[in-house]
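**Student:** Sequence and computational prediction follow.
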Amino acid sequence: MAETEETPDLRRVRLEVRRFKNHLMTYLSVVGLLFVINVLSGGFWGGHWWFLWPAAIWGVFVALQAVNLFGDNIGRDWEDRMVDRVLARRQQTERKGPTEPPKPYSPPEPPPAS
């Protein structure tokens, strides 16, 4: 298979990523415009930030689309690092043998009153 030849699955994924990118850019542009309108209409001085409502609601849908598209890979590297760290700690503990239970926390004594 040549490098320039695309499989239908590759085309579909490429289209989904492009749609997500366009959706994200549209979201950021519209929310930015709503912010400017809110500031110019007195939101900055009046204290009512109404643009946050559409930004939050629409943001949930953008986040859901991201999770649907990248769901299995979001945080996978971090998760693998944490699993490796926990396994290494357990192996280190097994090599040391049984240990004493941790001592209960006791607050430091206050300095003497003068």
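**Tutor:** Thanks, I have it.

**Student:** Select the helix or strand of the chain having the lowest average pLDDT value.
**Tutor:** Across the helices and strands of the chain, mean pLDDT, DSSP states H and E gives its lowest value to helix 43-46, namely a mean of 66.

**Student:** I'd like the next helix or strand past that one.
**Tutor:** Note on helix 43-46: by DSSP states H and E, the next helix or strand toward the C-terminus is helix 52-70.

**Student:** Let me see the mean pLDDT of the helix or strand that that following helix is followed by.
**Tutor:** With elements assigned by DSSP H and E, the helix or strand that comes after helix 52-70 is helix 76-96. For helix 76-96, mean pLDDT is 75.

**Student:** Use 37 as the first number from now on
**Tutor:** All right, first residue 37 from here; so that's helix 112-132.

**Student:** Dump helix 112-132 to CSV, restricted to CA.
**Tutor:** What follows is helix 112-132, C-alpha atoms only, in CSV (Å, rounded to 0.1, in the frame of the first residue of the first chain):
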residue,chain,number,x,y,z
ARG,A,112,-3.3,7.5,28.7
ASP,A,113,0.4,8.6,29.2
TRP,A,114,-0.3,9.9,32.6
GLU,A,115,-2.2,6.8,33.5
ASP,A,116,0.6,4.6,32.4
ARG,A,117,3.2,6.6,34.4
MET,A,118,1.1,6.3,37.5
VAL,A,119,0.6,2.5,37.1
ASP,A,120,4.4,2.1,36.6
ARG,A,121,5.0,4.2,39.7
VAL,A,122,2.6,2.2,41.9
LEU,A,123,4.0,-1.1,40.6
ALA,A,124,7.5,0.1,41.3
ARG,A,125,6.6,1.2,44.8
ARG,A,126,4.9,-2.2,45.5
GLN,A,127,7.9,-4.1,44.2
GLN,A,128,10.2,-2.0,46.4
THR,A,129,8.0,-2.6,49.4
GLU,A,130,8.0,-6.4,48.8
ARG,A,131,11.8,-6.4,48.6
LYS,A,132,12.1,-4.6,51.9
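
**Student:** Much appreciated, bye for now.
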